[in-house]
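> model the following, please.
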Amino acid sequence: MSIDETGKPSDFIREAVVEDLKSGRYQSVHTRFPPEPNGYLHIGHSKAICIVFGIAQEFGGKCNLRFDDTNPVKEEVEYVDAIREDIRWLGFDWEDREFYASDYFGALYDFAVKLIKKGVAYVDDQTPEALSKNRGTLTEPGTESPYRNRTLAENLDLFERMKNGEFPDGSRVLRAKIDMASGNLNMRDPVLYRILHEPPHHRTGDAWKIYPMYDFAHGQSDSIEGITHSLCSLEYEAHRPLYEWFLQELEIYAPRQIEFARLNINYTVMSKRKLLRLVKEGHVRGWDDPRMPTLSGLRRRGYTPESIREFTSRIGVAKNDSVIDVGLLEHCLREDLNKRALRRMGVLHPLKLVIDNYPDDLTEEFEAQNNPEDPESGTRKVPFSKVLYIEQDDFQEVPQPKYFRLFPGNEVRLRAAYFVKCVSVVKDEQGNASEIHCTYDPSTRGGNSLERKVKSTIHWVSAAHAVKAEVRLYDRLFNHPDPDENDDFISHINPDSLTILGGCFVEPSLANAVSGDRFQFERQGYFSADPDTTPAKPVFNLAVALKERSDKKV
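Take a look at the predicted model:
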């Protein structure tokens, strides 16, 4: 991404917009985000959202939200509502400019009639199988339909009867008459309308028995709304000649279409069809499962809109497809939460620690920092008592080389509390440590000592005050960097993508956490309170580990 003369980041899209404004091709900037309401938005859509809304904002223009709802078979109101929520969550607003392709069904029908009257559209009775077969291949031209030269009157009559519901689904379509030998398959007499009696449309009900194809509705909808720059992903580049052909034949206002590379991330699938399969087959718990790349899933996991916007800014706008390492997305979240997440202590694999020389009935409170990166976040009081919980891996009876945490005879710092020295260990029937006994030094209150140093600091929670919690540890949903490699993406699902820990203990302040609150569990990672959380049973999702994975693959 280059820098323009104002010092702001620039790219080929922004440069084209500047050129169009300077030349007078357009007087202002008006973009749109046109999702199909046939699934939830995913991280790939965030790039398009940031581009189209961001460019409109930068140039003082407008951006519409338009649902391209031309296929009632796959569309649901649930998806419409989810898309609205996700865009607002990312920080963008379309004000009062919410539109639907279905708003233009009447106008699109009239456009189709105009093409018939010009002799460049016809009703075709071929079966779907014959249509596909006769389309040809990349190396062989297509075969013209035997119905291609129907009379104008017959085409108008049949098309109106299609609209009136006289014919069954799949029996007829309306096609453009362009060029069956074109090297661009999109120009080989594309289908403009198909017959669909069921299900009813989510907005128009049973009013229509025919529906425009996406390619026919898309460019004309942009034209109707006065869009100046139709920004879309690279797969629509081959469709641009078709969109322009429609606009020219209809003699209507023409936006400028500019394509950019879509977002591809390793260890991830982006196809809504495949994401829907994951949901329907029960491989995940729903569209908002924190392992899903959907914006609702990322939000539930603990991602912030700021981290996703930063991610899309860093990857930039390119003309060629590439694959981005998911580690960059995780890094952006880690950077953001490091600045904003409150620090808390939580023990995920508890091991009891008893301080033998600490008074049985004494409870103290210690001041602990909320976030050392944000001095204004202040401190909190954490209760301390004779019996604590620490992490199991913070103790080794026989320490490995360079292990500086608890082992018999070693001293460590308890975060913000005291120095403690391990004196003995109690084991269960299997020979595993079940209870660690220590002594503490009262002179080290607050976790400091002028007399000596310790090499390790560990976190803890007071057993008498701890709140039991469920913690859900999420790993990548796929264990292959390219799940689509052989199109059998289900076989690459990571069986360990979710681990549920039901016996965790967290400091008492976390009992008040509400859904969406984000914290750094000290020495553990960044966690977010799940919608399932309650004061009686807090539930936390691992958003991202404190450090980048050591087993990173590309």
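> by contact count, what packs against the helix or strand containing Asn338?
Asn338 belongs to helix 326-340 when elements are defined using DSSP states H and E. On a contact count with 3 or more Cβ pairs under 8 Å, 6 or more residues apart in numbering; DSSP states H and E, helix 326-340 meets helix 305-315, strand 518-521, strand 525-529, strand 539-545. Every residue, glycine included, has its C-beta placed from N, CA and C.
> repeat that with 7 Å
helix 305-315, strand 539-545 (3 or more Cβ pairs under 7 Å, 6 or more residues apart in numbering; DSSP states H and E).
> just the angle between that helix and strand 525-529, please?
Relative orientation of helix 326-340 and strand 525-529, computed by axes from the mean of the first three to the mean of the last three Cα atoms, to 10 degrees: 80 degrees.
> comparing the helices and strands packed on helix 326-340, which comes out most buried?
strand 539-545 (a mean of 23; mean count of other Cβ atoms under 10 Å).
> which residues are in contact with it?
Strand 539-545 is contacted by residues 290, 300-303, 330, 333-334, 337, 469-474, 518, 525-530, 532-533 when judged by Cβ atoms under 7 Å, 6 or more residues apart in numbering.
> hang on, the earlier thing: let's see the helix holding Asn338 as CSV, backbone CA atoms only.
The C-alpha trace of helix 326-340 is given here as CSV (Å, rounded to 0.1, in the frame of the first residue of the first chain):
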residue,chain,number,x,y,z
VAL,A,326,-3.9,-16.8,10.5
GLY,A,327,-1.1,-15.9,12.9
LEU,A,328,-1.4,-12.2,11.8
LEU,A,329,-5.1,-12.1,12.8
GLU,A,330,-4.2,-13.6,16.2
HIS,A,331,-1.3,-11.1,16.5
CYS,A,332,-3.7,-8.2,15.9
LEU,A,333,-6.0,-9.4,18.6
ARG,A,334,-3.1,-10.0,21.0
GLU,A,335,-1.8,-6.5,20.5
ASP,A,336,-5.2,-4.9,21.0
LEU,A,337,-6.1,-6.9,24.1
ASN,A,338,-2.7,-6.3,25.7
LYS,A,339,-3.7,-2.7,25.8
ARG,A,340,-7.2,-3.0,27.0
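> can you give me the strands in the stretch 51-200 of the chain?
62-67, 98-100, 121-124, 173-176, 191-195 (DSSP state E, counting those that start in this stretch).
> strands paired with the first one, and their directions?
In other words, strand 62-67. strand 30-33 (parallel), strand 98-100 (parallel) (DSSP bridges).
> export those as TSV, with columns for distance to Gly91 and mean neighbour count.
Shown next, in TSV, are those (distance: least, Cβ to Cβ, whole Å; neighbours: other Cβ atoms under 10 Å):
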stretch	distance to Gly91	mean neighbour count
strand 30-33	13	24
strand 98-100	17	17
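> nearest to Arg405, out of those strands?
strand 30-33 (50.9 Å; Cβ to Cβ).
> what does the closest one rub up against?
Strand 30-33 is contacted from outside by 48-49, 52-53, 55-56, 61-66, 222, 225-229, 231, using Cβ under 7 Å, 6+ apart.
> about what we covered before: of the contacts of strand 539-545, grab the buried ones for PyMOL.
The buried residues among the contacts of strand 539-545 can be selected in PyMOL (16 or more other Cβ atoms under 10 Å) with this line:
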select buried, resi 290+300+301+302+303+330+333+334+337+469+470+471+472+473+474+518+525+526+527+528+529+530+533
